[in-house]
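In: When you get a sec, could you give me coordinates for this:
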Amino acid sequence: MLVRASIGTLALLGFYSTRLDERPFTAYLLQYSRDGCLAGCIFCPQSRSNLQVDKELLSRIPWPVVELEEIVEKLRESRVFSRVCVESVLKKKFIDEMLEIANYIVSSGIDVPLSIAVTPVHRKYLVELEKTGVDRLGIGLDAATPSVFVAVRKPYTWRTYMEFIESALDVFGEHRVEVHLIRGLGETEREFVETMAMLMEMGVDIALFALTPVKGTLVEKYRQPSIESYRRIQLIRYLLSRGMKLEDIVFFAGDKACLKKHVVEEVLSNFDEYAGAFLTSGCPGCNRPFYNERTRGPFYNMPSHRFMRKHYELLYKEVEKALMECSQSG
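Out: Here you go, the predicted model:
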């Protein structure tokens, strides 16, 4: 069976000779479709809305075609990854194929957790995936508001996704469902934070992405979000994930989500304790090197502790600026 795999995954497994500035900790696979995905998401190179874009791309990363059997054999031999993630595309019988892929990977003897990312499907398929041994489920909601959801041409409806998230939580349990959100699709910072907090209150974890305007897509002229806005959102997600309440740490200044004075002082004076907020968020072991950024930056998601230490001074300055942009007295 044909699948796609990220170029970093293939390089680490020896399929390609490519210099890696940062190695992926997760093996990333993608269902194969010659014509891409039937969904119309305007930001995605796989989308039917972007027919002229090379279907080897997902975000800014090449995903060459490979035989599933070959890559699974390499994964079994190499033991260089801490997780395998398989992402779906909308095509005829995609969920049946995904179940087949999951079964094959789990039964192959690769002793690492498996994540599957899917669009809304019937609950019975979630039950089958969980019984197969899928560790975590990813859901690409992507849009942070119902109006942005429509504007970027997501498949199905906002309500369908909300119901699907609830169903996924019922089957997989809290903190085993990762909802993907993309900053920069047209929402305000306040809208993004409020939706993120609402979803986390439901029991999901959030994987943050920055919009990547790929050449040839309908968003190629969009601007990426400011690094300051993204740093605030990362920190808020991190604090919420540790049980803090939005109203205790955030105030809104117009459309900006600002951290309260006591939070700003705590973070800047004990930065090492909070630096983990700026690592890539998602399933354990997911680091997506340079998925949203060029190798020269800006670095939205830090792919490793080593990389973060290398750019520590820059990161601190970004966070300091982000927090001081809308600081509060009292």
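In: make it CA atoms for all contacts and neighbour counts henceforth
Out: OK.
In: Show me where the stretch 151-300 of the chain has its helices.
Out: Using DSSP state H, counting those that start in this stretch, the helices of the stretch 151-300 of the chain run over 158-172, 189-202, 227-241, 246-249, 261-269, 271-274.
In: other SSEs contacting the first one?
Out: With contacts defined as 3 or more CA pairs under 8 Å, 6 or more residues apart in numbering; DSSP states H and E, the secondary structure elements packing on helix 158-172 are helix 123-132, strand 136-142, strand 177-183.
In: repeat for the fourth one
Out: Using 3+ CA pairs under 8 Å, 6+ apart as the contact criterion, the secondary-structure elements in contact with helix 246-249 are helix 227-241.
In: to the chain's geometric centre, what's the distance from the helix it packs on?
Out: 14 Å (CA atoms, centre = their mean, to the nearest Å).
In: And stretch 197-215, by the same measure?
Out: 7 Å.
In: what do you get for stretch 185-198?
Out: The chain centroid and the centroid of stretch 185-198 are separated by 16 Å under CA atoms, centre = their mean.
In: Quick one: mean pLDDT for it?
Out: For stretch 185-198, mean pLDDT rounds to 98.
In: Can you list the residue ranges for strands in the chain?
Out: Under the criterion DSSP state E, strands of the chain are mapped to 2-5, 26-31, 57-58, 61-62, 65-67, 83-87, 114-117, 136-142, 177-183, 205-210, 250-253, 256-259.
In: Name every strand pairing with the first one and say which way it goes.
Out: Sheet pairing here is set by DSSP bridges, and for strand 2-5 it gives strand 26-31 (antiparallel), strand 65-67 (antiparallel).
In: ok, residues contacting that strand?
Out: Here strand 2-5 makes contact (CA atoms under 8 Å, 6 or more residues apart in numbering) with 27, 28, 29, 30, 31, 32, 63, 64, 65, 66, 67, 68.
In: Flag the least confident of those.
Out: Among the contacts of strand 2-5, residue 63 has the lowest pLDDT, at 93.
In: out of the strands of the chain, nearest to residue 156?
Out: For residue 156, the closest of the strands of the chain is strand 136-142, at 10.6 Å, according to CA to CA.
In: Does anything pack onto that closest one? Which helices or strands?
Out: For strand 136-142, the helices and strands in contact under the criterion 3+ CA pairs under 8 Å, 6+ apart are strand 114-117, helix 158-172, strand 177-183.
In: For those, give me CSV that also has mean neighbour count and distance to residue 74.
Out: Shown next, in CSV, are these (neighbours: other CA atoms under 10 Å; distance: least, CA to CA, whole Å):
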stretch, mean neighbour count, distance to residue 74
strand 114-117, 24, 16
helix 158-172, 18, 29
strand 177-183, 24, 27
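In: So which of those is nearest residue 237?
Out: With CA to CA, the closest approach to residue 237 among those belongs to strand 177-183: 11.4 Å.
In: The closest one pairs with which strands?
Out: Assessed with DSSP bridges, strand 177-183 is paired to strand 136-142 (parallel), strand 205-210 (parallel).
In: Mean neighbour count, distance to residue 258 and mean pLDDT added to the ones you listed, as CSV?
Out: Putting the strands paired with strand 177-183 into CSV (neighbours: other CA atoms under 10 Å; distance: least, CA to CA, whole Å; pLDDT from 0 to 100) gives the following:
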stretch, mean neighbour count, distance to residue 258, mean pLDDT
strand 136-142, 23, 22, 99
strand 205-210, 23, 18, 99
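In: Dump those into CSV; add distance to residue 52 as well.
Out: Output for these, formatted as CSV (distance: least, CA to CA, whole Å):
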stretch, distance to residue 52
strand 136-142, 22
strand 205-210, 23
